[in-house]
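Participant: Sequence and predicted model, in that order:
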Amino acid sequence: MKFLIEIGHKNNPFKKLCGISLLDRTYRTIKYAVQADIYLLKTTSEDIFAHMENSNYEFKKADKVEKNFIIINTDTVFNMEYIKSLNGIRSSREPFIMPINSDVDLLKAESKLIEDCKKSGEGYITYLTRIISLKISKYLCRTKITPNQITAARIPVFILASIFIAYNLNYATYFIGLIGHILCATVFDAIDGDVARLKLQFSKQGEWMDMANDIIASILFTLSIAILNSNLNHTYFDNILNIAVPVMFIIANLMMIHILFRNYAGGGFLSVMYDFSKNSIMKTIISEPVRRDTAILIVCIIAMFYLTRTVLIMNGLMSLGIFIYYGIVISRPKTLVSK
């Protein structure tokens, strides 16, 4: 495919929308959506060429408009799914393209892009937390803060929250620790992905950081509850729980990593769970509780009452559920997970 970026005359191509210029948005959306050659006419102004070269964008110069060019004007805003649809690629998100004729249209386009951050297959808890996360993402995307910086900022919060939980200095700090885990695992977990999509700043490093963040947070929380439980309960059964559950939880997370790399080409755990749940109502019921955002909310609410033994048992059962799920996916990858 060959795309020709046409510089519109109704808006300055350097006018920003959700943190990046209309020109950058046009180029990046095409580039991230499909493998294609991107062209600019040689008659395009020098400042446009200078910007493209300084941004290390890969593009070619065309003498004239050719018949096989797909012309995309910078006075329009569209999503990656629209570009994919031109190539016959279907997606869970609906494609859209909007003309930008005024500042009012820019505001409408911003709202549309923010709404477009929502994904099919999100759980009920994610749907609710999106109400908060998207409002925050709307303002963060206008700053110079990068998605990776947002992801990295969650790590010290998780560590501090886990310390508050494990050592239980008083109920206030303990409660703050639980709330910190809930917010970072639900609301703030969505923000880095939303900002990445709004600013079209995707990277393999970001995917790795997000995955590592979730794993580290889950393990830290389980370890902190195990430490607290060892201080609250001293039975032989509790001693077994305090060791067995964290070990099981670590193995379960390693299994999920294996599923993502072996059976799914992209999209993360959410997409895996969506493919799993859409097969039947029963699978939806099974998959919903093991979604990370739902699970962390449930166990944190229970932990607020110092029911640490119950939390560890639940985490152990979730680990067993992942073991079973892992076995199903590995044995029947084509029927449960997208390629």
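Facilitator: Arrived safely, thanks for sending. Numbering: from 1, shown residues only.
Participant: from here on, contacts and neighbour counts on C-alpha atoms
Facilitator: Noted.
Participant: how's this structure carved up into domains?
Facilitator: For the chain, the structural domains run 2-115, 124-336, going by automatic domain parsing.
Participant: Just say which of the ones you listed is most tucked in.
Facilitator: Of all the domains of the chain, domain 124-336 carries the top mean neighbour count, a mean of 18, counting by mean count of other CA atoms under 10 Å.
Participant: can you give me the mean pLDDT across it?
Facilitator: The average pLDDT within domain 124-336 is 83.
Participant: what distance separates it from the middle of the whole chain?
Facilitator: Chain-centre distance of domain 124-336: 13 Å, with CA atoms, centre = their mean, to the nearest Å.
Participant: hey, where'd the strands end up in the stretch 51-200 of the chain?
Facilitator: Using DSSP state E, counting those that start in this stretch, the strands of the stretch 51-200 of the chain run over residues 60-62, 69-73, 76-78, 97-99.
Participant: TSV for those strands, including mean pLDDT?
Facilitator: Formatted as TSV, the strands of the stretch 51-200 of the chain follow (pLDDT from 0 to 100):
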stretch	mean pLDDT
strand 60-62	96
strand 69-73	96
strand 76-78	97
strand 97-99	96
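Participant: Of all these, which one is nearest residue 315?
Facilitator: Proximity to residue 315 (CA to CA) singles out strand 76-78 among these, at 42.0 Å.
Participant: Centre-most residue in the protein?
Facilitator: Per CA atoms, centre = their mean, the C-alpha nearest to the average position across the chain is that of residue 193, at 3.8 Å.
Participant: what residues are up against it?
Facilitator: residue 147 (CA atoms under 8 Å, 6 or more residues apart in numbering).
Participant: repeat for residue 1
Facilitator: Residue 1 sits next to 35, 36, 37, 68, 69, 70 when contact means CA under 8 Å, 6+ apart.
Participant: The nearest residue to the second one once chain neighbours are set aside and residue 109: what is the separation?
Facilitator: In space, residue 36 comes closest to residue 1 once its chain neighbours are excluded; the distance is 5.1 Å by CA to CA, 6 or more residues apart in numbering. In this structure, residue 1 and residue 109 are 26 Å apart, going by CA to CA, to the nearest Å.
Participant: How about residue 258?
Facilitator: With CA to CA as the criterion, residue 258 and residue 109 are 38 Å apart.
Participant: Run a quick check on residue 229 versus residue 308, I expect a contact.
Facilitator: Yes - under the criterion of CA atoms under 8 Å, residue 229 makes contact with residue 308 at 5.5 Å.
Participant: In what element of secondary structure is residue 318 found?
Facilitator: Element membership for residue 318 (DSSP states H and E) is helix 308-331.
Participant: helices and strands around that helix, which ones?
Facilitator: With contacts taken as 3 or more CA pairs under 8 Å, 6 or more residues apart in numbering; DSSP states H and E, helix 308-331 sits against helix 204-232, helix 236-263, helix 281-290, helix 292-303.
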